[in-house]
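**Student:** sequence-free structure coming up:
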């Protein structure tokens, strides 16, 4: 029978590979509380750098926003009620989602869209940006030409909608090799995806420039396209237009990478941001595995410091896809409080 090595930290003879496996499952703090690991030991699930705190009394000049997907809209709350509750929770802005039908959609008139922007400002909110799930069913690089055409039509309307709302930010998903969350998505060869994406963004840019709207290219998880900061920079810079920038999503790359590493490479190209929480102690990766802010392994002090260093002063928008089933307003207040602490507004 193989003899177990006795560790110097009193872990009861547990071999290191066993300790790491248990740490991945239960967390280092739990093991430390049971005397199975030293409290200061660094593990893959929770490296010591994760626990560093921001400089004392450091206040960051960025703004708080939330995406409407985190709210029970339109099932429970109206658009006005949603805006009012967002303001009550202490947010500076709101990101709204362009749909096929509804208050803010392809069927909305110019006047209706202008009224939404005016209502938000009267309540005390700015529209931090426009987002849309429609870039998936009508992907700009889809193998079906009819769906690509529809996607371009919708993107053009989103540009005009952003202008009417008086926001300069439009999140753009330029394409996808694959979208595993979409049924019957026909995979697109990588080189074809890039070629179609370049054609689409190139065609949209003149309209965006005329409208004063920025096409902010988003990094997406599991779509097989622009999956590194270097690829993102090369793609965006190739258009040589100040109206083609980056919408950086911290959570979308957290399964395998780290947002604080992307930020210095993307630099001043970051025009807008989604904050999503992720926990590296989990293995599944889909829309349901994102967490509330601070309930994960994202090194938020490092992320905020990196953003500050590259001069980012825009919105930090919390994106979340499943409102609370009970007391949904609690999510707004939890998120607002978490952002206040990240930004140094609360000690």
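**Tutor:** Good, I have the coordinates. Fair warning: this is a prediction, and the values are worked out from it, not measured in the lab.
**Student:** Going by C-alpha atoms from here, please, whenever you check contacts or count neighbours.
**Tutor:** OK.
**Student:** so what's residue 131 up against?
**Tutor:** By C-alpha atoms under 8 Å, 6 or more residues apart in numbering, residue 131 lies in contact with 95-98, 170-172.
**Student:** likewise residue 198?
**Tutor:** Residues in contact with residue 198, defined by C-alpha under 8 Å, 6+ apart, are residue 174.
**Student:** Against residue 173, how distant is it?
**Tutor:** Summarising the geometry, the distance separating residue 198 from residue 173, computed by C-alpha to C-alpha, to the nearest Å, is 12 Å.
**Student:** Please, which helix or strand holds residue 215?
**Tutor:** Assigned by DSSP states H and E, residue 215 falls within strand 214-218.
**Student:** Buried residues in that strand, which are they?
**Tutor:** For strand 214-218, the neighbour count (16 or more other C-alpha atoms under 10 Å) marks 214-218 as buried.
**Student:** tell me the secondary structure for residue 149?
**Tutor:** Following DSSP: H, G, I helix; E, B strand; the rest coil, residue 149 is assigned to helix.
**Student:** same check, this time on residue 112
**Tutor:** Reducing the assignment to helix, strand or coil with three-state DSSP, the entry for residue 112 is helix.
**Student:** residues in contact with the helix or strand hosting residue 120?
**Tutor:** Residue 120 belongs to helix 110-123 when assigned by DSSP H and E. When contacts are defined by C-alpha under 8 Å, 6+ apart, helix 110-123 is touched by residues 80, 83-84, 87, 103-104, 126-127, 161, 164-166.
**Student:** Apply 10 Å and report the result again.
**Tutor:** Taking C-alpha atoms under 10 Å, 6 or more residues apart in numbering as the criterion, the residues outside helix 110-123 that touch it are 79-80, 82-88, 93-94, 96, 103-105, 108-109, 124-127, 160-167.
**Student:** hmm, back to that, which of the buried residues of strand 214-218 lies closest to residue 244?
**Tutor:** residue 215 (5.0 Å; C-alpha to C-alpha).
**Student:** which one is that closest one nearest to, not counting chain neighbours?
**Tutor:** Once its chain neighbours are removed from consideration, residue 215 has its nearest residue in residue 244; the separation is 5.0 Å (C-alpha to C-alpha, 6 or more residues apart in numbering).
**Student:** Tell me who's in contact with that neighbour.
**Tutor:** By C-alpha under 10 Å, 6+ apart, residue 244 lies in contact with 172, 201-202, 204-205, 208-209, 213-217, 235-238, 269, 271.
**Student:** swap in residue 253?
**Tutor:** The contact partners of residue 253, by C-alpha under 10 Å, 6+ apart, come to 219-222, 227-228, 259, 262, 276, 278.
**Student:** Now it, what are its backbone angles?
**Tutor:** phi -120, psi 10 (degrees, to the nearest 10).
**Student:** before we move on, what about residue 307?
**Tutor:** When quoted as degrees, to the nearest 10, the phi and psi of residue 307 stand at phi -60, psi -40.
**Student:** Let me know the pLDDT of the residue nearest to it when sequence neighbours are not counted.
**Tutor:** Once its chain neighbours are removed from consideration, residue 307 has its nearest residue in residue 263; the separation is 6.4 Å (C-alpha to C-alpha, 6+ apart). Confidence at residue 263, expressed as pLDDT, is 98.
**Student:** Just give me the neighbour total for residue 263.
**Tutor:** For residue 263, the number of neighbouring residues by other C-alpha atoms under 10 Å comes to 24.
**Student:** Heading C-terminal from the helix or strand harbouring it, find the next helix or strand.
**Tutor:** Using DSSP H and E, the secondary-structure element containing residue 263 is helix 259-266. Following the chain from helix 259-266 toward its C-terminal end, the next helix or strand by DSSP H and E is strand 270-275.
**Student:** before we move on, the earlier item: same list (the buried residues of strand 214-218) but as JSON lines, adding distance to residue 337.
**Tutor:** Listed next are the buried residues of strand 214-218 as JSON lines, based on distance: C-alpha to C-alpha, whole Å:
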{"residue": "214", "distance to residue 337": "29"}
{"residue": "215", "distance to residue 337": "30"}
{"residue": "216", "distance to residue 337": "27"}
{"residue": "217", "distance to residue 337": "28"}
{"residue": "218", "distance to residue 337": "26"}
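**Student:** residue ranges for the helices of the stretch 151-300 of the chain, please.
**Tutor:** Across the stretch 151-300 of the chain, reading from the start of the chain, the helices by DSSP state H, counting those that start in this stretch fall at 190-211, 229-237, 259-266, 300-309.
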